[in-house]
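>>> next comes the sequence, and after it the predicted model I'd like to discuss.
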Amino acid sequence: MENGVFTDDGQPWRHARALIRPTFTRFEITDLEYFKTFVERFLALFPRDGSEFDMLPLAKRLFLDTSSEFILGQSVNSLLPTTPPEELEFIESFDHCLTGLALRLVAGPLRPLFKLDPTFKPNYQKVHKFVDKNVHLAIERARKLQAAGKTGEEEEEGVKKKCILLHQMAMENQDAAYLRAQTLNVFFPARDTSALAIGNIVFELARHIDC
């Protein structure tokens, strides 16, 4: 995993936190109206016949869609049956990289053995390529705004401005590699940690219906 707000210490961590924190403290974060569309897609995939099913994969797709919308400015729309091929490739590569990272963390001194995995590098390169595309778009947008003397805070008339983490970071720092690292650092917990938390909550509530 690349260095970023969740892996750094000391001054690098303070700098990354200062870059990311303003977006998370904005009022728009508490406005969950945008979340409604994704939740409706999520619920529509539940079986209607009362049969048992595994909710966790759907929860991961739910938070993948919402986090990519908030972090990158466009959702990968994994809950839709018409998910674009590029987004599907990103999702598959991202999951493969998570597994590879987890195995390397628990392997300890045996970690060098995982270098024999020929699929890990191509998959993280695909993840980087997908994120880099969005990073370069954000940098281009930031440079145009700055050239026009704008801060990025302006709203188009009649249009509510979306709060997009990558856009806000690009207004402060336009190092592409740094922005990619920070984006991935936020993306990891935004998807998996949230999905696992919701999955555990539903698991416990289903077994303690009197709560």
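Cool, the structure landed. Residues are numbered from 1 along each chain as shown.

>>> flag the shaky bits of the chain, pLDDT-wise.
1-8, 22-31, 114-116, 152-161, 211 (pLDDT under 70).

>>> tell me where it has strands.
With DSSP state E as the criterion, the chain has no strands.

>>> quick one: list the elements packing against the longest helix belonging to it.
Longest helix in the chain, counting residues (DSSP state H): helix 120-147. For helix 120-147, the packing partners by 3 or more C-beta pairs under 8 Å, 6 or more residues apart in numbering; DSSP states H and E come out as helix 85-107, helix 165-170, helix 176-188. Yep, even glycine has a C-beta here, placed from its N, CA and C like the rest.

>>> most tightly packed of those helices?
Mean neighbour count (mean count of other C-beta atoms under 10 Å) peaks for helix 165-170 among those, with a mean of 24.

>>> could you list the residues in contact with that one?
Outside helix 165-170, the residues that touch it by C-beta atoms under 8 Å, 6 or more residues apart in numbering are 19-20, 22-23, 70-73, 134-135, 138-139, 141-142, 152, 179, 182-183, 186.

>>> output the helices and strands packed on helix 120-147 as CSV; include the columns distance to Lys126.
What follows is the helices and strands packed on helix 120-147, written out as CSV (distance: least, C-beta to C-beta, whole Å):
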stretch, distance to Lys126
helix 85-107, 4
helix 165-170, 18
helix 176-188, 13
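
>>> quick one, which of the ones you listed is nearest to Leu32?
Taking C-beta to C-beta, helix 165-170 is the member of those nearest to Leu32, at 16.3 Å.

>>> okay, that closest one in PDB with CA atoms only?
Output of helix 165-170 as PDB, limited to C-alpha atoms (Å, rounded to 0.1, in the frame of the first residue of the first chain):
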ATOM      1  CA  LEU A 165     -12.300  14.900  -2.300                       C
ATOM      2  CA  LEU A 166      -9.900  14.500  -5.300                       C
ATOM      3  CA  HIS A 167     -11.000  17.900  -6.700                       C
ATOM      4  CA  GLN A 168     -10.400  19.600  -3.400                       C
ATOM      5  CA  MET A 169      -7.000  18.000  -2.900                       C
ATOM      6  CA  ALA A 170      -5.900  18.900  -6.500                       C
END
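
>>> just to revisit the earlier point, relative to Gln11, which of the helices and strands packed on helix 120-147 is closest?
Evaluated over the helices and strands packed on helix 120-147, closeness to Gln11 peaks at helix 176-188, with 14.1 Å, by C-beta to C-beta.
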